[in-house]
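*Asks:* Here is a sequence together with a model predicted from it:
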Amino acid sequence: MFMKHDVIAPARMPEILRAAESALRAIPPAFGLEATVAVNPFLGQSGTDLATASALMARVAGESLTRPRAEFAAMIARGEISDDDLAAALIACESPFKPVDLAMLKARARTDAPPVNPLPTVADLAARVTGTDWPAVIARSLGLWAAGHYDRGQALWTPTPGREAYTAWREWASHDLTPEIAGLPGFCAHVAAAPDTAERAILRAAERLGLDEQAAPTAFHRLLMDLGGWAQLARGALWRAELRGGTDRDLAGLLAIRLIWEEALLTHVPQIGAEWARVVAAHAAPVVPTPDQVIDAILQDAAERAHQRDLARRLSAPAAVRSRPALQAAFCIDTRSEIFRRALEAQDAGIETLGFAGFFGLPLAHQQAGSDVVEDHLPALLVPQIRTCSHSPDEADSRIRARATRAWGRFRQAAVSSFAFVEAAGLTYGAKLLRSALRLGTDRAASSAPDILSAIPGPARAEIAARVLKAMGLARNQAPLVLLIGHGAQMQNNPHESAYHCGACGGHTGEVSARALAILLNDPETRAGLAAHGVTLAEDVRFVAGLHDTTTDEVTLFDDTGMFDGGDSLSKAREWLRAAGRLARAERAMSLPGATPDGLFARARDWAELRPEWGLAGCASLIAAPRSVTRLADLRGRSFLHSYDWRTDEGFATLELILTAPVVVASWIALQYYGSTVAPDSFGGGNKTLHNVVGGIGVVEGNGGRLRVGLPRQAVHDGQARRHDPLRLSVLIEAPQEPMAEILNRHPDLRALFDNGWVHLLALQDGRPVARWQKGRGFRPLSRRWGKAGFHPKRGDCAAARPCPRHGPALGTRFGGPWRRGLSLDHRVVRPAPIGVGIGHHQVDHDRHDRRQDLHAIAQLIAIDAGIPRCAAMDQLVAQHVKPIEQHRQDRGGILAGQGYVELLARPLELLGPVLISGNAMMVPPERRKDISVVQKDPDRPRKGRPHRAIDRARGVQVMQALKEGLQGVAFGQVKGFVGIGRVEGNPVEQKGRVRVIGFAFGPAQPADRAVNLQRHVGWKAVAQGTLTGLQLGMAQRSAWNGCLCHLRVSPCRHFPLSGSPIARDVKGLARGAGSISARHARYPAYHARGFRRNTRTA
């Protein structure tokens, strides 16, 4: 990057050049529009934590790296961030400036953080004195030169082709009179007298500006951030050069150029010298986060822990290997593929989908037929190893047509001829525009297949194919038809189109990679050598490549070999893909403003469409595990899904590949969206409606100035609200912890991402998070009850044998009595149940007192613990958590109720299966329907030897026919909004509190954001029916509830007294409103019944 020190300045200020190089490497790289790749904008800060990086960015760019604090406060109020999340984040923070306790943290979350401003440059100080906007003058002047210098074919010629940036700029600026016209006399002479190399210019400027080795790093960083996208573009050139073993000095040249401007302005406006000295002193101070930046980092961590908790609840245990599937389809790990994979698997139980990086393990550099351009179809982290090309039958004619097309394009875009072209030939484009609008003949023409076999020697083909198949999990038990589906996007008049293509393919579509692998795997010579590499491939297995259009959810298949003889299977696959596309379009259209499923085709061809699709907005996690862990989960298109089974990974080579490539690429994507959302001025692409393409490399807003890189505002915002939730990536991997730790220790740069919280790493075991990576401590075990009520972040589990000092007693214990050990299941039932129950004491009549006990019992009976393995057998659950009924009868003096008492609850209880016994209620595991019985003992009354009442005996309560009919037809896809139990809250001394009954709605839609995946619970239908029963018990003698049941929507909240219930617990630390229904479906106010306090915490 720099010349050697002894060449340019023997023993003179080497610290300054080291400071300059540090500042240069703090700038993230950016790539051109032809192959846009998402980049981690905080790549240079991976060695520091979020709070320190926020302090640095506040100094050099005036940016805060978290969302506004008011949004955190709103998330806490809604219960999205629980007190457990806040406490865990607070404990994990090592800063001495963190709040002393949870109460202080929550109080600070409700106050606005002070605004941040960058330290001024000399240009900023001169502008205040002279009244001339020197930063704007510099940005415009430098932008005009850079647009020509970095042009990639848009201009007919460039002024200084092939020269380094600093040399080219000196030649140009020594004749540019723009600065002198703006009021800076002698600037051309100043440039002409500048040193001949960038290194010497940096050293001279540092001396004249008074920058020592302490002040220089952030002072240089400040100037580079002022250059915006031009500095990032030069950093990208340096990145590519170093990847191939070379170097590039343009970024150092840009720093020298900006320092020359600073020198000239300080000389021209000497009265700012004293103020500039104070700025230099501020730069020399250590970068230390303020208490507000520490608080924001803690809140950000808490938000990410809340997302992890929600994500963990959706996962399932890995299932046993099934019989041979009818169809296998390998998709890119892209989050948009998650939606389509769910839709495809819904077509038939014999369909299995896999996730793998979209370049399919082939490091290709590809040249299209008739083109001289070689494109890298692989992640930006890698170097191409295989070069392929496409051959057309009429190769010579293709080249001539391609050259004619390029010449015609240059004529249309040239500075002079473009005006004549519009006047003379503009009308001829009317027919083309009409065809585009009507979708007549506008389908993308299929390109020629890549010649992969000529690019790889014969003996190496089987080795490469075997390595790819093992990494994909296809080394054995393949389906007769295996689809290899790449992806790309379709849109018009969008300079950022490549940003919607496959990031693993270097910003190109995945078509080339998918077709190349299919050709390789269908090659007889390749298949013959697979057995020697440990891969078993049946004779009838055929591979077919495809391309998934993520804008329209159409899939195009390519049978390039012509050897596929399974016509019926291929036709059936096309039918399944078409049906899956319809489902995926219906789901995605709900999130696009003004979109309909069929209207997505028009959006893809609309020249004025700002949001043809959302891309990867919302991405927040990567899961590397068997597909069975996520198959039943609706991940809402927010997760990268990589198929991985560690049991078949020899030497954990695939695990290392996943951690060092897909995880890093996914983190770049997530942090690109994060940076473009929280710091759009520095890392965002600006407003699409103001964009002008410059040089074929990027866009500017208006007619010049700073290059805008990153994602445009329309990619993360719908015009009214933000569509991307800025979260750092959470990586969940089903693998042993020791190999993962060894891999991280071998890759320090990768480990730094996890150590400093830029990426979170959680180890899965049987589909459940069991450990979290922590800096300096490695993997630390998570509680079995992680994320559920009763879990103390610092102590681990709240031991059932003793009260938790923060959360109160375990479920199944009584207030005021001696502490005794409760059952583990009872201690864990708080969160997942669909009824929120709290404790309260009111003067009520006997019927209301009975109803209180009824609701209490129902809440216990339907509270299935989300932590129990989904596939556990009922007898295992009973053996783990239930005492024998006779022993319970002796211990509690309970009397089993007869058959007639439980007629109302027979069906849900029959579905529930396992016995739930706490200190006051139990359920007999039914062998026959008539054996079901439940008792509820009243702890407030001294009666012994008999239950207070059976839970089904509530006068005048009948399930409404409409709700009953609606329940009979319910399916997972019809549940629009469903919530879990939010909390059991109360005061163990006063024995006060409330119960909240939250309803749900039916309708033809996917679950809401915080919907419970009913299919993942053992007794999902029982839960639904139990909830309805609870609602009906609470609605007794209250006819006003009928008005809330509009179109089968039950959304109101209501309080009921539960005096002295044994499930009361002190959970002052739990989040408010955690059990509230999704805001999208909470359209009705809380019903204020006579004698009960109004609930003001509805969603």
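*Replies:* Perfect, I can see it now.
*Asks:* For residue 645, which non-adjacent residue is spatially closest?
*Replies:* Spatial nearest neighbour of residue 645, excluding adjacent residues (CB to CB, 6 or more residues apart in numbering): residue 626 at 5.2 Å. Placement of C-beta: from N, CA and C, glycine included.
*Asks:* got a pLDDT number for the one you found?
*Replies:* In this prediction, residue 626 carries a pLDDT score of 94.
*Asks:* and it, what does it touch?
*Replies:* Counting by CB atoms under 8 Å, 6 or more residues apart in numbering, residue 626 makes contact with 318, 319, 643, 644, 645, 734.
*Asks:* go with 7 Å
*Replies:* Residue 626 sits next to 318, 643, 645, 734 when contact means CB atoms under 7 Å, 6 or more residues apart in numbering.
*Asks:* can you pull the contacts of the last one?
*Replies:* Contacts of residue 734 were listed using CB under 7 Å, 6+ apart, and they are 318, 624, 625, 626, 629, 644, 646, 764.
*Asks:* Select only the buried ones of these in PyMOL?
*Replies:* Command for PyMOL, covering only those of the contacts of residue 734 found buried under the criterion 16 or more other CB atoms under 10 Å:
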select buried, resi 318+624+625+626+629+644+646+764
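*Asks:* ok, of the contacts of residue 734, which one's closest to residue 213?
*Replies:* residue 624 (43.3 Å; CB to CB).
*Asks:* Could you grab the helix/strand/coil label for the closest one?
*Replies:* strand (DSSP: H, G, I helix; E, B strand; the rest coil).
*Asks:* Verify the stated contact: it with residue 658.
*Replies:* Yes. Counting by CB atoms under 7 Å, residue 658 is a contact partner of residue 624 at 5.3 Å.
*Asks:* Pretty sure residue 527 sits against residue 538.
*Replies:* No. Counting by CB under 7 Å, residue 527 does not reach residue 538; the two are 10.0 Å apart.
*Asks:* okay if I get the contacts of residue 734 as CSV plus distance to residue 249?
*Replies:* As requested, these are exported to CSV (distance: CB to CB, whole Å):
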residue, distance to residue 249
318, 52
624, 39
625, 45
626, 48
629, 48
644, 41
646, 45
764, 46
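*Asks:* Go through the contacts of residue 734 and say which is closest to residue 43.
*Replies:* The closest of those, once distances to residue 43 are taken by CB to CB, is residue 624, at 22.5 Å.
*Asks:* wait, what's in contact with the closest one?
*Replies:* Here residue 624 is in contact with 642, 644, 658, 733, 734 (criterion: CB under 7 Å, 6+ apart).
*Asks:* Please, which helix or strand holds the third one?
*Replies:* In the assignment (DSSP states H and E), residue 658 maps to helix 653-660.
*Asks:* Of all the residues in that helix, which ones are buried?
*Replies:* Buried, per 16+ other CB under 10 Å, within helix 653-660: 654, 655, 656, 657, 658, 659, 660.
*Asks:* Which pLDDT value goes with the third one?
*Replies:* Right, the one you point to is residue 656. Per the predicted model, pLDDT is 96 at residue 656.
*Asks:* buried sites along stretch 76-89?
*Replies:* So, applying 16+ other CB under 10 Å, buried residues of stretch 76-89: 76-89.
*Asks:* Out of those, which sit inside helices?
*Replies:* Judged by DSSP state H, the buried residues of stretch 76-89 include 76, 77, 78, 83, 84, 85, 86, 87, 88, 89 as members of helices.
*Asks:* What is the nearest of the residues you listed to residue 598?
*Replies:* Of those, the one sitting nearest to residue 598 (CB to CB) turns out to be residue 78, at 34.5 Å.
*Asks:* quick one: contacts for the closest residue to residue 111 other than its chain neighbours?
*Replies:* Using CB to CB, 6+ apart and skipping residues adjacent in sequence, the residue nearest residue 111 is residue 69, 7.1 Å away. Applying CB under 7 Å, 6+ apart to residue 69 gives the contacts 109, 112, 113, 296, 299.
*Asks:* hmm, back to that, ok, residue 527 and residue 538, which is more surrounded?
*Replies:* The neighbour comparison of residue 527 against residue 538 (other CB atoms under 10 Å) goes to residue 527, with 18 against 12.
*Asks:* Now do the more buried one against residue 361, distance only.
*Replies:* 17 Å (CB to CB, to the nearest Å).
*Asks:* Next: residue 479.
*Replies:* Counting by CB to CB, the gap from residue 479 to residue 361 is 19 Å.
*Asks:* Check residue 180 too.
*Replies:* Counting by CB to CB, the gap from residue 180 to residue 361 is 57 Å.
*Asks:* who's more crowded, these two?
*Replies:* residue 361 (20 against 13).
*Asks:* Let me know the average pLDDT across stretch 711-724.
*Replies:* Stretch 711-724 comes out at a mean pLDDT of 93.
*Asks:* Quick check: buried residues in stretch 719-732?
*Replies:* In stretch 719-732, counting by 16+ other CB under 10 Å, buried: 723, 724, 725, 726, 727, 728, 729, 730, 731, 732.
*Asks:* How is this structure divided into domains?
*Replies:* 5-43+119-284, 44-116+290-298, 312-715, 797-875+950-1056 (automatic domain parsing).
*Asks:* got the end-to-end distance for the third one?
*Replies:* Spelled out, it's domain 312-715. 28 Å (CA to CA, to the nearest Å).
*Asks:* for stretch 691-708, same thing?
*Replies:* Rule used - CA to CA; the end-to-end distance of stretch 691-708 is 9 Å.
*Asks:* Buried residues in that stretch, which are they?
*Replies:* Judged by neighbour count using 16+ other CB under 10 Å, the buried positions of stretch 691-708 are 691, 694-701, 704-708.
*Asks:* OK, contacts around residue 51?
*Replies:* Contacts of residue 51 (CB under 7 Å, 6+ apart): 95, 289, 293, 294, 297.
*Asks:* State the helix or strand in which it lies.
*Replies:* Per DSSP H and E: residue 51 is located in helix 50-61.
*Asks:* again, but for residue 732
*Replies:* Here residue 732 is assigned to strand 729-734, by DSSP H and E.
*Asks:* same deal with residue 107?
*Replies:* helix 102-109.
*Asks:* what about residue 76, distance to residue 313?
*Replies:* For residue 76 relative to residue 313 (CB to CB), the value is 19 Å.
*Asks:* ok so, going back, now distance to residue 772 too, for the domains of the chain, in CSV please.
*Replies:* Listed next are the domains of the chain as CSV, based on distance: least, CB to CB, whole Å:
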stretch, distance to residue 772
domain 5-43+119-284, 21
domain 44-116+290-298, 9
domain 312-715, 11
domain 797-875+950-1056, 15
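*Asks:* All set now, cheers.
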